[in-house]
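Q: Any chance you can model this:
(3 chains)
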Amino acid sequence: MATHNHTHKTVVLTEIYHKLYSHFGPQHWWPGDTAFEIAVGAILTQNTNWTNVEKAILNLKKKKSLSAKKMNGMSHSTLASLIKPAGYFNVKAKRLNNFLTFLSNSYSGSMKKMGEKDLPLIREELLKVNGIGPETADSILLYALNKPSFVIDAYTRRILQRHNIADADVSYHELQAVFHENLPRDIKLYNEYHALIVMLGKNYCKPKPKCKECPIEGYLA
DNA sequence: GACCAGGCACATC
DNA sequence: GATGTGCATGGT
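A: Now for the predicted structure:
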């Protein structure tokens, strides 16, 4: 049932979205060519600048190795050296390998087959893979598999906190629920919204100093 | 040279 | 259950 609080948050979240969209325009995410590339990128970008991830993905492409089959056959040290620019290369080589094993064993290495299952089932399976947490799982679901699962990241938390919409200690799941319960379950909307939040975070909503000329300031007026 | 970047698992109290 | 720490590169 709809409460007053629900309605208010719906209005605020919708208003923020429109402000961001009109300021930055459509983002056309994810920056990747295939579902597999998006999944790899989602793991590589954990706590890491995207430009570093691009270098790592380019290394894989140059070796014509950006595929489940090729990467599954690589030794740890070979894979780690190729993804080195993305940082945490030993950890991430292991995490990629965990994902590749899962993809191979459960879906014959096919992202398409994975996408044929329902959202909650895939999400549960992804979260069991060591090295895939909620944000990485939701990034894969939304951007690689086109499932309506809202992605929460550090920028989302910071921006909502700065605007007094969420408390500092709310869990990933709770924060995701705020978006799920107050916006239509729209893949395209979730896709753009998260991308716009990242754009805002990168360019304006810095840890310190605080935002200058924030594009969504005054959204309550 | 410090700070930051589209997290996550694990140790320890 | 909460809190702390390791992982690592490259840009500002």
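
Q: Around DNA strand B, pick out the residues from chain A.
A: For chain A, the residues in contact with DNA strand B (CB under 7 Å from any atom of the strand) are A:29-31, A:41-42, A:45-50, A:52, A:87-88, A:91, A:129-137, A:139, A:143, A:153-155, A:198, A:201-202, A:206-208. Bear in mind the C-beta positions are built from the backbone N, C-alpha and C, glycine included.

Q: what's the residue in chain A positioned nearest to DNA strand B in contact with, if anything?
A: Across chain A, the shortest distance to DNA strand B (CB to the nearest atom of the strand) belongs to A:G133, at 2.2 Å. Taking CB atoms under 8 Å, 6 or more residues apart in numbering, we find A:G133 in contact with A:L127.

Q: how near is it to DNA strand C?
A: A:G133 sits 11 Å away from DNA strand C, taking CB to the nearest atom of the strand, to the nearest Å as the criterion.

Q: now do A:N105
A: A:N105 is 24 Å from DNA strand C, by CB to the nearest atom of the strand.

Q: so which strand or helix has that residue?
A: Assessed by DSSP states H and E, A:N105 sits inside helix A:89-107.

Q: export that helix as PDB, just CAs?
A: Extracted as PDB, the C-alpha positions of helix A:89-107 are listed here (Å, rounded to 0.1, in the frame of the first residue of the first chain):
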ATOM      1  CA  PHE A  89      45.300  -8.100 -10.700                       C
ATOM      2  CA  ASN A  90      45.900 -11.200  -8.600                       C
ATOM      3  CA  VAL A  91      42.600 -10.900  -6.800                       C
ATOM      4  CA  LYS A  92      40.700 -10.000 -10.000                       C
ATOM      5  CA  ALA A  93      42.400 -12.800 -12.000                       C
ATOM      6  CA  LYS A  94      41.100 -15.200  -9.400                       C
ATOM      7  CA  ARG A  95      37.600 -13.600  -9.400                       C
ATOM      8  CA  LEU A  96      37.400 -13.700 -13.200                       C
ATOM      9  CA  ASN A  97      38.400 -17.300 -13.100                       C
ATOM     10  CA  ASN A  98      35.700 -18.100 -10.600                       C
ATOM     11  CA  PHE A  99      33.100 -16.400 -12.800                       C
ATOM     12  CA  LEU A 100      34.400 -18.200 -15.900                       C
ATOM     13  CA  THR A 101      34.200 -21.600 -14.200                       C
ATOM     14  CA  PHE A 102      30.600 -20.800 -13.100                       C
ATOM     15  CA  LEU A 103      29.700 -19.600 -16.700                       C
ATOM     16  CA  SER A 104      31.300 -22.700 -18.200                       C
ATOM     17  CA  ASN A 105      29.800 -25.200 -15.800                       C
ATOM     18  CA  SER A 106      26.300 -23.800 -15.600                       C
ATOM     19  CA  TYR A 107      25.800 -22.200 -19.000                       C
END
